[in-house]
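>>> This is a predicted model, with the sequence first.
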Amino acid sequence: MKGLKGFFWFLFKCFAVYSLLVYGLTFWVPSSHWLPGFLMMSFPVTVLINFGFLVFWLLVDSKKALAPLFLIFLSGIFLDRTYQFKKDPVDLTSKDNKEKVFKVLNYNVFGFWITQHHSREDDAETNKMKKWILKQNADVLCMPEFNNEENVPDFRTVQFLKKSGYPYSNMLDNKNMKDGTTFKTLAMFSKYPIIAHKEKSTEQQNGLMYIDIVVGKDTLRVIGVHLYSMSLRLSKLVNQKEMSGIKRETRGTLSQMKKGFIARVSETKILEKWIKESPYAVIVCGDFNETPYSYVYGKCRKLLNNAFETRGEGFGFSFNHLPYFIRIDNQFYNDKKLEAIDFKTLNKIKYSDHYPCLGTYRFKKVVE
């Protein structure tokens, strides 16, 4: 028994070093290499394993339980990224408080679930989805994987939104799109005039775009992102019954993740440049395809505040597919010029493989 305890203590000490490495990388974001990307992504699993060690040492040697307890306590520095407790609402009852308030909805719409062979059922779900989007009364819409099909009446989405109160729009001009698709790209719609815009396409449906819009006497830059998609086939991996299939799918998954880490670092450099160059208040929103424990999230967090961390609630999981328990859709904002009033991840809305995120903001008063 003594020898077994010694082995597990050695095992824990090795894992403690790993835990501190993961914490350090996540906190300081010192490297954009793909290897730290894998390490940082393992943060939630690292914490769970430390909980396992805590239970084990409580049962075997209670004095040694202090070590994993310390590591669990240390992981609390990332609590804001992970979970938010309910906050008191901001008072908007007075006329003064209502001034300059606007809403931003980002929603990866998964092509509005369009299929190769259209059916009445597909069209009905698409119409429900579009009506739900209008009901949110957001001032700006950011929609990765937007789709518009001129030949199918229920999928003439651009025309529908323009007639429904969003006369201003901009699309990611992506020359890498496959033939036969009118749009399956990043799109932004606004109730307010767009005075400038810029786009940078990367892969097929991925890229970045900003629109500068005039909201009353203020100007706002909204940067929409759909960063490189991992396109992980986790359901195939889970359903494998033979070792050869498990190995094949695991290799494919890891290879795709590595490729994604590398690609998103390049995209983040563009995003960082647009944020720093902006003379206006900035909101960055969309599908980041990265967890809160990543290089991309860490870099954005150094430049802007995250709306979920400021006004969110719960875990804020935003992916309606395997692995489900991840938050990859975000809104970041410049807290020097903007105040976040509310932020919701609407996880009861299941039209897409992502949940929509709705942020409410107002311009801060300029003190002269």
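That came through fine.

>>> mind listing what's buried in the host helix or strand of H197?
H197 is part of strand 194-201 when elements are defined by DSSP states H and E. Going by neighbour count (16 or more other C-beta atoms under 10 Å), the buried part of strand 194-201 is 194, 197, 199-201. To be clear about C-beta, it is placed using only N, CA and C from the backbone, and glycine gets the same treatment.

>>> can you list contacts of it?
Contact partners of strand 194-201, identified using C-beta atoms under 8 Å, 6 or more residues apart in numbering, comprise 168-170, 172-176, 185, 207-214, 219, 270, 274.

>>> and if you look at stretch 79-88?
44, 292-293, 297, 306, 308-309, 311-316.

>>> Among those residues, which one lies nearest to F8?
P44 (22.4 Å; C-beta to C-beta).

>>> and that closest one, how many residues sit next to it?
For P44, the tally of surrounding residues (other C-beta atoms under 10 Å) stands at 16.

>>> Quickly note the distance from it to M230.
Distance from P44 to M230, counting by C-beta to C-beta, to the nearest Å: 17 Å.

>>> could you dump the buried residues of strand 194-201 to a markdown table with distance to W132?
Output for the buried residues of strand 194-201, formatted as a markdown table (distance: C-beta to C-beta, whole Å):
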| residue | distance to W132 |
| --- | --- |
| I194 | 24 |
| H197 | 26 |
| E199 | 27 |
| K200 | 30 |
| S201 | 28 |
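
>>> with those residues in mind, which one is nearest to L69?
Proximity to L69 was ranked across these by C-beta to C-beta; first place goes to K200, at 46.3 Å.

>>> Nearest residue to the closest one in space, please, no chain neighbours.
Ranked by C-beta to C-beta, 6 or more residues apart in numbering and with sequence neighbours excluded, the top spatial neighbour of K200 is L208, at 5.0 Å.

>>> Wait, that neighbour touches M188, no?
No. The pair L208 and M188 fails to qualify as a contact (C-beta atoms under 8 Å) at a distance of 11.0 Å.

>>> Between these two, point out the one with more neighbours.
When L208 is set against M188 and neighbours are counted by other C-beta under 10 Å, the residue ahead is M188, at 29 against 23.

>>> Pull the contacting residues for that one.
If you count contacts by C-beta under 8 Å, 6+ apart, M188 has them with 140-143, 169-170, 209, 211, 222, 224.
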